[in-house]
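Undergrad: generate a structure from the sequence data that follows.
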Amino acid sequence: MKKILITLALALPLGTSVASAVNDKVINKNELPANAQKFIDGNFANVKLSYAKLETDFLTRYYEVTLADGTRLEFTSNGEWEEIDCRRAEVPAAIIPAGISEYVKNNYPGEKINRIERDSRGYELELSNDLELKFNNDLVIVDIDD
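TA: This next block holds a predicted model:
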(Lines give C-alpha, C1' and ligand atoms only; values in the text may rest on other atoms or scores of the structure.)
Protein backbone atom coordinates (compact mmCIF):
# COMPACT_ATOMS: atom_id res chain seq x y z
CA MET A 1 0.00 0.00 0.00
CA LYS A 2 2.85 2.35 0.88
CA LYS A 3 4.49 1.71 -2.50
CA ILE A 4 1.27 2.53 -4.32
CA LEU A 5 0.91 5.85 -2.47
CA ILE A 6 4.53 6.78 -3.17
CA THR A 7 4.14 5.88 -6.84
CA LEU A 8 0.97 7.97 -7.10
CA ALA A 9 2.62 10.90 -5.33
CA LEU A 10 5.54 10.79 -7.75
CA ALA A 11 3.37 10.30 -10.85
CA LEU A 12 0.90 13.11 -10.10
CA PRO A 13 3.25 16.02 -10.94
CA LEU A 14 4.34 14.27 -14.13
CA GLY A 15 0.74 13.71 -15.18
CA THR A 16 -0.12 17.33 -14.44
CA SER A 17 2.74 18.67 -16.54
CA VAL A 18 1.86 16.36 -19.42
CA ALA A 19 -1.79 17.39 -19.19
CA SER A 20 -0.89 21.09 -19.26
CA ALA A 21 1.41 20.58 -22.25
CA VAL A 22 -1.53 19.05 -24.10
CA ASN A 23 -3.43 22.29 -23.47
CA ASP A 24 -0.90 24.36 -25.46
CA LYS A 25 -2.12 25.13 -28.96
CA VAL A 26 -0.24 26.86 -31.77
CA ILE A 27 -2.45 29.56 -33.28
CA ASN A 28 -2.34 32.15 -36.07
CA LYS A 29 -1.93 35.85 -35.36
CA ASN A 30 -5.58 36.47 -36.29
CA GLU A 31 -6.63 34.10 -33.49
CA LEU A 32 -5.06 36.37 -30.87
CA PRO A 33 -7.41 38.76 -29.05
CA ALA A 34 -7.90 42.04 -30.91
CA ASN A 35 -6.01 43.97 -28.19
CA ALA A 36 -2.95 41.76 -28.64
CA GLN A 37 -3.03 42.06 -32.43
CA LYS A 38 -3.28 45.86 -32.19
CA PHE A 39 -0.44 45.96 -29.64
CA ILE A 40 1.86 43.89 -31.86
CA ASP A 41 1.01 45.90 -34.97
CA GLY A 42 1.55 49.19 -33.15
CA ASN A 43 4.80 48.34 -31.37
CA PHE A 44 6.47 45.61 -33.44
CA ALA A 45 5.18 46.33 -36.96
CA ASN A 46 8.60 45.76 -38.56
CA VAL A 47 9.18 42.36 -36.94
CA LYS A 48 7.66 39.19 -38.32
CA LEU A 49 5.69 36.94 -35.99
CA SER A 50 7.46 33.60 -35.63
CA TYR A 51 4.68 31.77 -33.77
CA ALA A 52 1.88 32.25 -31.27
CA LYS A 53 0.49 29.85 -28.70
CA LEU A 54 -2.66 29.69 -26.64
CA GLU A 55 -1.76 28.22 -23.28
CA THR A 56 -4.37 26.95 -20.88
CA ASP A 57 -3.79 26.27 -17.20
CA PHE A 58 -6.43 24.96 -14.84
CA LEU A 59 -8.51 28.15 -14.77
CA THR A 60 -6.63 30.64 -16.93
CA ARG A 61 -5.85 31.15 -20.58
CA TYR A 62 -3.02 33.27 -21.87
CA TYR A 63 -1.14 33.83 -25.07
CA GLU A 64 2.56 33.64 -25.78
CA VAL A 65 3.98 35.19 -28.94
CA THR A 66 7.53 34.88 -30.24
CA LEU A 67 8.76 37.26 -32.90
CA ALA A 68 11.42 36.50 -35.52
CA ASP A 69 14.02 38.61 -33.68
CA GLY A 70 13.59 36.53 -30.50
CA THR A 71 11.31 38.97 -28.68
CA ARG A 72 8.81 37.15 -26.48
CA LEU A 73 5.43 38.63 -25.55
CA GLU A 74 2.85 37.32 -23.10
CA PHE A 75 -0.79 38.42 -23.09
CA THR A 76 -3.74 37.79 -20.78
CA SER A 77 -6.88 36.08 -22.04
CA ASN A 78 -8.32 39.48 -23.03
CA GLY A 79 -5.17 40.53 -24.92
CA GLU A 80 -3.53 42.85 -22.38
CA TRP A 81 0.25 42.53 -22.30
CA GLU A 82 1.85 41.00 -19.21
CA GLU A 83 5.47 40.60 -20.24
CA ILE A 84 7.72 41.82 -23.00
CA ASP A 85 11.19 40.33 -23.22
CA CYS A 86 13.29 41.80 -26.02
CA ARG A 87 16.35 39.81 -24.96
CA ARG A 88 19.25 42.19 -25.66
CA ALA A 89 17.20 44.67 -27.72
CA GLU A 90 15.32 47.58 -26.19
CA VAL A 91 11.64 47.49 -25.23
CA PRO A 92 9.82 50.10 -27.36
CA ALA A 93 9.60 53.39 -25.45
CA ALA A 94 5.85 53.76 -26.09
CA ILE A 95 5.19 50.71 -23.89
CA ILE A 96 7.06 51.94 -20.83
CA PRO A 97 5.15 54.24 -18.41
CA ALA A 98 6.65 57.75 -18.40
CA GLY A 99 7.51 57.64 -14.68
CA ILE A 100 9.57 54.50 -15.14
CA SER A 101 11.33 55.84 -18.24
CA GLU A 102 12.21 59.03 -16.38
CA TYR A 103 13.54 57.11 -13.36
CA VAL A 104 15.76 54.90 -15.54
CA LYS A 105 16.99 57.88 -17.58
CA ASN A 106 17.90 59.85 -14.44
CA ASN A 107 19.40 57.03 -12.38
CA TYR A 108 20.88 54.70 -15.01
CA PRO A 109 21.88 56.88 -17.96
CA GLY A 110 22.85 54.89 -21.02
CA GLU A 111 21.08 51.72 -19.84
CA LYS A 112 18.26 50.25 -21.89
CA ILE A 113 15.15 48.41 -20.69
CA ASN A 114 15.31 44.89 -22.16
CA ARG A 115 12.35 43.32 -20.34
CA ILE A 116 9.23 44.65 -18.66
CA GLU A 117 6.54 42.73 -16.83
CA ARG A 118 3.37 43.97 -15.18
CA ASP A 119 0.84 42.45 -12.83
CA SER A 120 -1.65 43.63 -10.23
CA ARG A 121 1.17 44.78 -7.89
CA GLY A 122 3.11 46.88 -10.40
CA TYR A 123 6.00 46.57 -12.83
CA GLU A 124 9.26 44.68 -12.91
CA LEU A 125 11.94 45.39 -15.45
CA GLU A 126 15.43 44.35 -16.40
CA LEU A 127 18.05 46.76 -17.66
CA SER A 128 20.83 46.10 -20.16
CA ASN A 129 23.28 45.84 -17.22
CA ASP A 130 21.13 42.95 -15.81
CA LEU A 131 19.85 45.09 -12.92
CA GLU A 132 16.22 44.34 -12.01
CA LEU A 133 13.94 47.14 -10.82
CA LYS A 134 10.48 46.82 -9.28
CA PHE A 135 7.90 49.60 -9.21
CA ASN A 136 4.49 49.66 -7.55
CA ASN A 137 1.36 50.77 -9.41
CA ASP A 138 2.09 54.38 -8.47
CA LEU A 139 5.42 54.00 -10.36
CA VAL A 140 7.44 54.33 -7.17
CA ILE A 141 10.58 52.18 -7.00
CA VAL A 142 10.18 49.47 -4.36
CA ASP A 143 13.10 47.10 -4.99
CA ILE A 144 16.41 46.87 -6.83
CA ASP A 145 18.00 43.49 -7.41
CA ASP A 146 21.41 42.96 -8.91
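Undergrad: now do the helices in the protein.
TA: If DSSP state H is used as the criterion, the helices of the chain fall at 2-22, 34-43, 98-107.
Undergrad: any idea which of the ones you listed scores lowest on pLDDT?
TA: Out of those, helix 2-22 stands lowest, with a mean of 52 (criterion: mean pLDDT).
Undergrad: so what's Arg115 up against?
TA: 83-86, 91, 125-126 (C-beta atoms under 8 Å, 6 or more residues apart in numbering). For the C-beta atoms, the positions are set from N, CA and C on the backbone; glycine is no exception.
Undergrad: which one of those has the most neighbours?
TA: In terms of neighbours by other C-beta atoms under 10 Å, the contacts of Arg115 top out with Ile84 at 25 neighbours.
Undergrad: that one pairs with what?
TA: Beta bridges link Ile84 to Leu73, Ile116 when assigned by DSSP bridges.
Undergrad: from Ala36, how far off is it?
TA: For Ile84, the distance to Ala36 (C-beta to C-beta, to the nearest Å) stands at 12 Å.
Undergrad: overlap in contacts of those two?
TA: Residues touching both Ile84 and Ala36 by C-beta under 8 Å, 6+ apart: Leu73.
Undergrad: circling back to that earlier point, any chance of the contacts of Arg115 in a markdown table, with distance to Asp143 and pLDDT too?
TA: Listed next are the contacts of Arg115 as a markdown table, based on distance: C-beta to C-beta, whole Å; pLDDT from 0 to 100:
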| residue | distance to Asp143 | pLDDT |
| --- | --- | --- |
| Glu83 | 17 | 98 |
| Ile84 | 20 | 98 |
| Asp85 | 19 | 98 |
| Cys86 | 22 | 97 |
| Val91 | 19 | 98 |
| Leu125 | 11 | 97 |
| Glu126 | 13 | 98 |
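Undergrad: could the residues you listed go into a markdown table alongside distance to Phe44?
TA: Converted to a markdown table, these look like this (distance: C-beta to C-beta, whole Å):
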| residue | distance to Phe44 |
| --- | --- |
| Glu83 | 14 |
| Ile84 | 9 |
| Asp85 | 12 |
| Cys86 | 9 |
| Val91 | 10 |
| Leu125 | 18 |
| Glu126 | 18 |
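Undergrad: so who does the residue nearest the centre of the chain touch?
TA: The chain has Glu83 as the residue nearest its centroid, 2.5 Å off, counting by C-alpha atoms, centre = their mean. Contacts for Glu83 (C-beta under 8 Å, 6+ apart) come out as 72-74, 115-118.
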